[in-house]
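Engineer: got a structure for you, letters missing:
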């Protein structure tokens, strides 16, 4: 969802915010303002005077010089205060706009902090004072440098209003309205405690650098809560306009008759609602950031023009509910402190509100991590979210200790403030000062504010939030997310906000499980002949492995394995073991690649144990790869004992697992051939035990191994007198005989050009990027080539066993080496250097051409396998 979805308080002018965002994106970045410079930095910079020797300490003064120096210092101070004075002058429009917005917010939101009925009747002025106090606190803290935004605007967090009503009503029900003093005292402490709790939480989140983590909270749950707040504000607009209490309002036919069929009540709320709709029509047609404040300045002026023209009596209008009736309208701003009485408060009722307090806290902490990055993008300003959370922690903790309500950085107010020049900390301090003047004036002027002004303000915000939640998201979220949003709104409206938040979390979890269960967990299913290891083997061995590797089935998994996704995996494995599939393609190894599996829960781990039992019944080895024992996946499987079971093998990489299965097939063949005398060097893990040791002809799978061996390895086109031949002819035959006959006399001219080298383990034959020095044919031992790519692609490892070639392409092309080659096991190689290759081409051109063509055949097959491994390793 877009940034405005994360903004509740500011959404009272969603279209206005969109307009400002679009205009701001077309303006230049306000990079010319150094927001990190201390407020008086320029003034302090001009205070230094330097003498001729470079010291900043002034020279000793005589009496005659004193008067001139005083004048000079005064002049310098005046000149130094220039930037400060200019900032103050430039900030006046922004301060006026910010003050006007605070007035509108104070009378609309401050008035409804407390419920308007019962023991809380007449506390609207107290709420306004608390609003201004928390606004001043947060403004001072942000402007003093706690916020990275020099012109940050802070104000009361109005999302708390529905929760405050819930807390207040809970306390009143717990104590009873027979003791109003205790009810109000307990409520005041509960409100202040919410600020302290919010401040501590913000501070911890910022200190632990968890700001970005909160930003990943499911946005549609937040949108549903925003919509619920919108419905609450629409209802509040009705109750404020008609002077009924929240308790008397219900979603019933009687309430409908009271609001619609009663002409007096209809006349009380309909003008405010009409004004809210008219504002949205105007802002939809004309876009300007000053329309909203000017509109709400015109309404009271027009109201009193009508009153004066009709010679209406203010007292009668106040009694009829057209103007606020503030019985204590002369109370000072600090009147709310007299409501605190720790001796009179009921601690049992206070602790009973904790579930609501934590729901309020949960809702509070979601907004700054979303608002701050959105504001940073709008202002082209780089900001640290964790620093802003710490600033919110300070401001809320201080607000709670002083005894007022939670606060936060206001997105739209700050954006408008910047737009009209409020981009310095001077402007922030001036706004705090102007708000302080409003606080000192007191709540007396509220008794002259038309009710329809406050009602229209509340209706505007409520309508915007409902529209934002239901209309703006209709094509931007999935069906399940939209159902979640609507469910939260209905639950919050019919029951309460805590239940709505909990319902949203539960519904989201249910939909997440359902959607995750529908996701395909098996990302690939293939056999071993299509994905071979990156080991260069003699052609006969490779042909044998391509045939017998059909008995290896590879299952590559992805995502998180839990009770919802493991069912698909288990069903796929059972299908492989069913009789029809087993008859067509019997399995020797089942390779499970878990490299892209994020985690395994207990249900999935136990499902893997069940799979192992099924495989054991068919004598199939389970080969796991893509993780280690100390990873979360490894720990989860170890906890159910899977890794300790017989017939289970574990490898860190997929290539290692496939290499092990191929080596096992080769060992099985050579051990079955009693006359085999030539040793076979195999890379990777050296296992003496073969999972299917014994006779290789007592089952269809073992018969298939024998048949494949006789068709390939046993008929490797070696000449009958190979045992009597000398090196390097034997090595040439093993390397190339599978591709075409290697006649001894034909290739005799090549032998003098091949130089025999014995290289110990760990020797680096060449490094990636080196110039080529020749090609190598491996007689014994094992070489290992490592191909390194640009980050973040991991390297690829390739092994060369006896009877294979290495470094052939770079030697033939003359291009730099594309890998680093190291001797993994002490080896004997035959080297055809680049100089000898050139001499061979000059002296025996036809044979050199045939040999080059033969080398390219081998290289083509080797690189086909390497490319396939690269393409399929993830």
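Structural biologist: Everything's here; your move. Please read all numbers here as calculations on a predicted model, not as lab measurements.

Engineer: per-residue pLDDT, residue 799?
Structural biologist: Per-residue confidence at residue 799 stands at 90 (pLDDT).

Engineer: I'd like the distance between the nearest residue to residue 797 once chain neighbours are set aside and residue 767.
Structural biologist: Nearest non-adjacent residue to residue 797, counting by C-beta to C-beta, 6 or more residues apart in numbering: residue 786, 5.4 Å away. Glycine gets a C-beta too; all of them are placed from N, C-alpha and C. Going from residue 786 to residue 767 by C-beta to C-beta, to the nearest Å gives 10 Å.

Engineer: shared neighbours of the two, anything?
Structural biologist: residue 820 (C-beta atoms under 8 Å, 6 or more residues apart in numbering).

Engineer: Do a quick rundown of the strands in the stretch 401-550 of the chain.
Structural biologist: For the stretch 401-550 of the chain, the strands defined by DSSP state E, counting those that start in this stretch occupy 407-409, 522-527, 535-536.

Engineer: For the second one, the averaged confidence score.
Structural biologist: In other words, strand 522-527. Here the average pLDDT along strand 522-527 is 87.

Engineer: For that strand, name the packing helices and strands.
Structural biologist: In terms of contacts (3 or more C-beta pairs under 8 Å, 6 or more residues apart in numbering; DSSP states H and E), strand 522-527 is packed against strand 552-561, helix 566-577.

Engineer: Nearest to residue 628 among those would be which one?
Structural biologist: For these, the distance to residue 628 is smallest for strand 552-561, at 16.4 Å, taking C-beta to C-beta.

Engineer: in its sheet, what does that closest one sit against?
Structural biologist: With DSSP bridges as the test, strand 552-561 is paired with strand 522-527 (antiparallel), strand 589-600 (parallel).

Engineer: May I ask which helix or strand of this structure has the lowest mean pLDDT?
Structural biologist: Of all helical and strand segments in the chain, the minimum by mean pLDDT, DSSP states H and E falls on helix 41-45, at a mean of 33.

Engineer: Quick one: the strands of the stretch 401-550 of the chain as a markdown table, columns for mean neighbour count and distance to residue 782 too.
Structural biologist: A markdown table is the format used below for the strands of the stretch 401-550 of the chain (neighbours: other C-beta atoms under 10 Å; distance: least, C-beta to C-beta, whole Å):
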| stretch | mean neighbour count | distance to residue 782 |
| --- | --- | --- |
| strand 407-409 | 28 | 63 |
| strand 522-527 | 14 | 26 |
| strand 535-536 | 27 | 9 |
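
Engineer: Okay, helices next: where are they in the stretch 601-750 of the chain?
Structural biologist: For the stretch 601-750 of the chain, the helices defined by DSSP state H, counting those that start in this stretch cover 602-617, 632-639, 654-672, 700-711, 729-736.

Engineer: Name the SS class of residue 772, please.
Structural biologist: Here residue 772 is recorded as coil under DSSP: H, G, I helix; E, B strand; the rest coil.

Engineer: From residue 835, how far off is it?
Structural biologist: Distance from residue 772 to residue 835, by C-beta to C-beta: 11 Å.

Engineer: Can you pick out the residue with more neighbours from the two?
Structural biologist: Higher neighbour count among residue 772 and residue 835: residue 772, with 20 against 11, using other C-beta atoms under 10 Å.

Engineer: That one reaches residue 818, doesn't it?
Structural biologist: No: counting by C-beta atoms under 8 Å, residue 818 is not a contact partner of residue 772; they are 10.1 Å apart.

Engineer: So for the two, which residues contact both of them?
Structural biologist: Common neighbours of residue 772 and residue 818, using C-beta under 8 Å, 6+ apart, are residue 810.

Engineer: distance between stretch 637-655 and the chain's centre?
Structural biologist: 32 Å (C-alpha atoms, centre = their mean, to the nearest Å).

Engineer: and the nearest residue to residue 614 once chain neighbours are set aside, how many neighbours?
Structural biologist: Sequence neighbours aside, residue 577 is the residue nearest to residue 614 in space, at 5.9 Å (criterion: C-beta to C-beta, 6+ apart). Look at residue 577: counted by other C-beta under 10 Å, it has 17 neighbours.

Engineer: Over to residue 121?
Structural biologist: Residue 121 has 13 neighbours, counted by other C-beta under 10 Å.

Engineer: So what does it have for phi and psi?
Structural biologist: In terms of degrees, to the nearest 10, the main-chain angles of residue 121 are phi -60, psi 140.

Engineer: repeat for residue 785
Structural biologist: phi -110, psi 140.

Engineer: ok, now which ones touch it?
Structural biologist: With C-beta under 8 Å, 6+ apart, residue 785 has these contacts: 797-800, 806, 819-822.
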